[in-house]
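K.L.:
Let me see the structure of the following:
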Amino acid sequence: MPTPYKLFLIFAFLIFGKVNAQDSLRTVVAKNGDGIYSMLKKYDLDSYKNYKEFINLNKKNIRGKEGLYKGRAYYLPTIALDSAKQVKAAPVKEKTSENKKTKPFPKNNIYPIFGKKHEKVIIKSNKLKGTIYYLVAGHGGPDPGALGKYNGKLIAEDEYAYDVTLRLAKELISHGSKVYIIIKDLNDGIRDQKVLKIDDDEVNYPNRTIPLNQVARLRQRVETVNHLYLKNKGKYQRLIVIHVDSRSKGKNIDVFFYHHKKSKSGLRLAKSIHETFKKKYKRYQPNRTYTGSFSYRNLYLVNFTLPPMAFIEIGNIQNEKDQKRIVVPENRQALAKWISEGAILDYKQRK
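P.N.:
Residues are numbered from 1 along each chain as shown. Coordinates of the predicted model:
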């Protein structure tokens, strides 16, 4: 079926004669690392409305499924993200009953997702009232992420990233925020053990099976976050992604952060959390220098998600010192609390 833009061209041809299809379209030159999603985001275009049209307009200059050629000119579609009347989030086909089970903000402050022991959330303040946070725990489902050994037992990145994510969600909610947990394990909850049991039953919001293919997994997360972002357009929205790094056993690292290179709001979020961690380290570990940093890194979730975001690596799963930060439940709670305090600082500093 012809797109609305093609129907317009057909109509114009019938009324006015031959029309140059590209006369009214803006052209831009692709830079190193540009892809379709990042190009659309860069020029404030709704990726759901414009993705197929971008391909139709530039099909001869697309490399693989999403790649663009550096230095080549590309036509931009005409539906801008800033036009509220034009933007409609692409529908996510899920059963109504599933959607009812996954509402992010229950009235009675009981959240079963946190587990029986932690399900009640006590509201501490309204510092984040009106905000929306999307939280993504790294890996999950068929992909456990980085693996390590602690006291002779196998530990997996996705379990610890998820536990910190749940704790962070609870902190953010306690200050009045609405939180969407994008990667979920419906039966784990917040756990207070050092060694967290490894499983593969995590799902993508609302209850979608996580694909085995890596690119498909990442694309699913991007599409989910972007769909929710467009649905909540006009509200204060932020994305936080939690990962655990994997390096040589001798490499002790501090918590560090990534953001989108063109997002001032993402930079401020990463910087606010980073500053919070510096202050906490100075207070609780005055004899050592905090070396964590914030910077841009060319990562799929960083490049293609729409909300301002911070991508956080909380430690090296292979390193003995970093493992203490990850496996000790009190330390996971501290990580979550400090990240939430950084988020509050970011919200205070908004324009």
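
K.L.:
helices or strands next to the helix or strand hosting residue 169 in the packing?
P.N.:
Using DSSP states H and E, residue 169 falls within helix 157-174. Helix 157-174 makes packing contacts with strand 131-137, strand 178-181, strand 236-245, strand 309-316, helix 329-348 when contacts are defined by 3 or more Cβ pairs under 8 Å, 6 or more residues apart in numbering; DSSP states H and E. In short, each C-beta sits where N, CA and C put it, glycine included.

K.L.:
In the longest one, which residues are buried?
P.N.:
Translated: helix 329-348. For helix 329-348, burial by neighbour count (16 or more other Cβ atoms under 10 Å) applies to 331-347.

K.L.:
Who are the contact partners of residue 126?
P.N.:
175-176 (Cβ atoms under 8 Å, 6 or more residues apart in numbering).

K.L.:
now it: how far from residue 151?
P.N.:
Separation of residue 126 from residue 151 (Cβ to Cβ, to the nearest Å) stands at 42 Å.

K.L.:
same deal with residue 67?
P.N.:
According to Cβ to Cβ, residue 67 and residue 151 sit 44 Å apart.

K.L.:
out of the two, which sits in the busier spot?
P.N.:
residue 67 (14 against 9; other Cβ atoms under 10 Å).

K.L.:
List the beta-bridge partners for that one.
P.N.:
Note on residue 67: beta-bridge partners by DSSP bridges are residue 35, residue 63.

K.L.:
okay, it: pLDDT?
P.N.:
You'll see residue 67 listed with a pLDDT of 82.

K.L.:
pretty sure it is touching residue 32, no?
P.N.:
No - the criterion here is Cβ atoms under 8 Å, and residue 67 misses it with residue 32 at 11.3 Å.

K.L.:
The residue nearest to residue 129 when sequence neighbours are not counted: neighbouring residues, count only.
P.N.:
Leaving aside its sequence neighbours, residue 129 sits nearest to residue 176 (Cβ to Cβ, 6 or more residues apart in numbering; 3.7 Å). The local packing of residue 176 (other Cβ under 10 Å) involves 15 other residues.

K.L.:
what does residue 327 give?
P.N.:
Neighbour tally, residue 327, other Cβ under 10 Å: 22.

K.L.:
can you pull the contacts of it?
P.N.:
Here residue 327 is in contact with 150, 155, 160, 194-195 (criterion: Cβ under 8 Å, 6+ apart).

K.L.:
change it to 10 Å
P.N.:
Residue 327 makes contacts with 148, 150-151, 153, 155, 160, 163, 193-196, 315, 317, as judged by Cβ atoms under 10 Å, 6 or more residues apart in numbering.

K.L.:
Let's have those residues in TSV, adding distance to residue 51 and pLDDT.
P.N.:
What follows is the contacts of residue 327, written out as TSV (distance: Cβ to Cβ, whole Å; pLDDT from 0 to 100):
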residue	distance to residue 51	pLDDT
148	38	93
150	43	95
151	48	94
153	44	95
155	38	96
160	34	98
163	35	98
193	43	97
194	44	97
195	43	98
196	38	98
315	36	90
317	35	93
